[in-house]
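Trainee: with the sequence up front, the predicted model follows.
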Amino acid sequence: MVTGPGRATQASRPEMAAVLATFEQLDDWGSRVQNAFSPPAGSELARDDAVFPWLATADIAWQGLCAAQDHLKAFRSWLRHEPPELFPIATFSLLRGALVGGAMATWVLVSDSVDERTSRSLAVAADWYRNHLNYGQTIAPIAMDEQKHAAQLDHIRSRAKEVKALRAGLPKANFKMTEVIKTANDQLWPGDEVRALQTMALWQAGSGDAHALGWSILARNHDMTPLEDGMGAFVGMPSDLDVADAYLCAYDFVAYGFYRLDELSQVR
C-alpha cells in the first residue's frame, strides 16, 4: 500500500469552491484568538464560568476553537503553497484535529441547559487535569527544581479534586471523543442522518490516518492493481470531494462554536 501526491485544486473546481470560500473567515478567527477570551459580566456564559473559574466553560470551548482554527489555517497554507500539494494521509490527520476542537466546543456549548453545559465542561476539565498530572509525573525525574515541581503536581491534584466534587452534583457527562462528536452532531443537526453518518465516517477514517493505520486509505479515492494470490497493490490519492467533505465537516463545527460562544456572551 502506497500513497501518491495529490495536486491542489483550482477555485473553478466545484468540490473545492465551498472550501476556498471559507478562507477569509479563517483570518477573522485567527485575529480573534490572538487575545484571551472572557465573557462579559452578566452574560449567560459568565454565569456558567462562575461554577469553576479556574478552567471555566468558556476556557474549554475557547481552547477547542483555538486549536481547530489553527489546524484549518495550516491546511489552507498547504493549498496556497507553490507548487500546491495535498498529502494523502497528513491532510486528513490535520482536518481530524480541526474536527476534534470544533466538535468539543460545540458539545460543551450547544445545550440550553446550564447544568448540561457545566457538566460537559467539567468532564473536559477532569480529563485536562488527568493528562496534565500524567505529564508532570513523567517529567518529574528531570525537573530542575524538584520542590517546586512537586508543589505544582499537588496543585493539579487539588484542582482535580474540586472538579470531581462539582461533577458529583451534575448530570453525568462522558468525555469520549467518539461520543462527543456523535452527540454534538445530533444536537446541532437533529434528524440529519446523512450528515451524522458522514461525520462519524470522517472521524473514524481520520483517526486511522492520525494513528498511521493504512486502512483509512481504502475509505477514500484509491487505485488497486490486482496481484497474485488475491493480493493487490493500493495507491491512495485523495480526491477533491474527499478533501472538501473532511474540511467542511470540521469547519461547520468550528463556525457554530464561535457563533454559540458569542450568543452565550450576550448581556440581556
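Mentor: Yep, that arrived. Numbers count the residues shown, from 1 in each chain.
Trainee: where exactly do the helices run in the stretch 101-250 of the chain?
Mentor: Applying DSSP state H, counting those that start in this stretch to the stretch 101-250 of the chain gives helices spanning 114-139, 146-167, 177-188, 193-210, 240-264.
Trainee: wait, isn't Gly30 in contact with Gln69?
Mentor: Yes: using C-beta atoms under 8 Å, Gly30 is in contact with Gln69, at 6.3 Å. C-betas here are computed from N, CA, C, even on glycine.
Trainee: could you list every residue that touches the nearest residue to Ala233 once chain neighbours are set aside?
Mentor: Closest residue in space to Ala233, ignoring its immediate chain neighbours: Thr225 at 4.5 Å, by C-beta to C-beta, 6 or more residues apart in numbering. Thr225 sits next to 232-233, 235 when contact means C-beta atoms under 8 Å, 6 or more residues apart in numbering.
Trainee: tell me the one of the residues you listed nearest Ala46?
Mentor: Nearest to Ala46 among the contacts of Thr225: Val235, at 53.3 Å, using C-beta to C-beta.
Trainee: neighbours of that closest one, how many?
Mentor: Val235 is flanked by 15 other residues according to other C-beta atoms under 10 Å.
Trainee: quick revisit: of Gly30 and Gln69, which one has the most company?
Mentor: The neighbour comparison of Gly30 against Gln69 (other C-beta under 10 Å) goes to Gln69, with 27 against 14.
Trainee: residue ranges with poor pLDDT in this protein?
Mentor: Scanning the chain with the threshold set as pLDDT under 70 gives 1-13, 82, 84, 222-224, 234, 236.
Trainee: residues in contact with Arg32?
Mentor: Phe258.
Trainee: any idea how far it lies from Asp242?
Mentor: Distance, Arg32 to Asp242, by C-beta to C-beta, to the nearest Å: 29 Å.
Trainee: please apply the same query to His211.
Mentor: 18 Å.
Trainee: pick out whichever of those two has more residues nearby.
Mentor: The neighbour count for His211 versus Asp242, taken as other C-beta under 10 Å, is higher for Asp242 (23 against 9).
Trainee: for the more buried one, which non-adjacent residue is closest in space?
Mentor: Arg220 (4.4 Å).
Trainee: and the one you found, backbone torsions?
Mentor: Backbone torsions of Arg220, given as degrees, to the nearest 10, read phi -130, psi -180.
Trainee: hmm, it is touching Ala205, no?
Mentor: Yes: using C-beta under 8 Å, Arg220 makes contact with Ala205 at a distance of 7.1 Å.
Trainee: who touches both of the two?
Mentor: Taking C-beta under 8 Å, 6+ apart as the contact rule, Arg220 and Ala205 both touch Phe92.
Trainee: my guess is His71 contacts Phe92. True?
Mentor: No: under the criterion of C-beta under 8 Å, His71 makes no contact with Phe92, lying 11.2 Å away.
Trainee: between those two, which one's more packed in?
Mentor: Set His71 next to Phe92 and count neighbours by other C-beta under 10 Å: Phe92 wins out with 29 against 21.
Trainee: report the buried residues of the helix or strand harbouring the more buried one.
Mentor: If you go by DSSP states H and E, Phe92 is part of helix 90-109. Using 16 or more other C-beta atoms under 10 Å as the test for burial, helix 90-109 gives 91-109.
Trainee: cool, stretch 136-150 as well?
Mentor: 136, 149.
Trainee: now do stretch 149-156
Mentor: Residues of stretch 149-156 classed as buried: 149, 152, 156 (neighbour count, 16+ other C-beta under 10 Å).
Trainee: check stretch 16-33 too.
Mentor: By neighbour count with 16+ other C-beta under 10 Å, stretch 16-33 contains the buried residues 16, 19-20, 22, 26, 29, 32-33.
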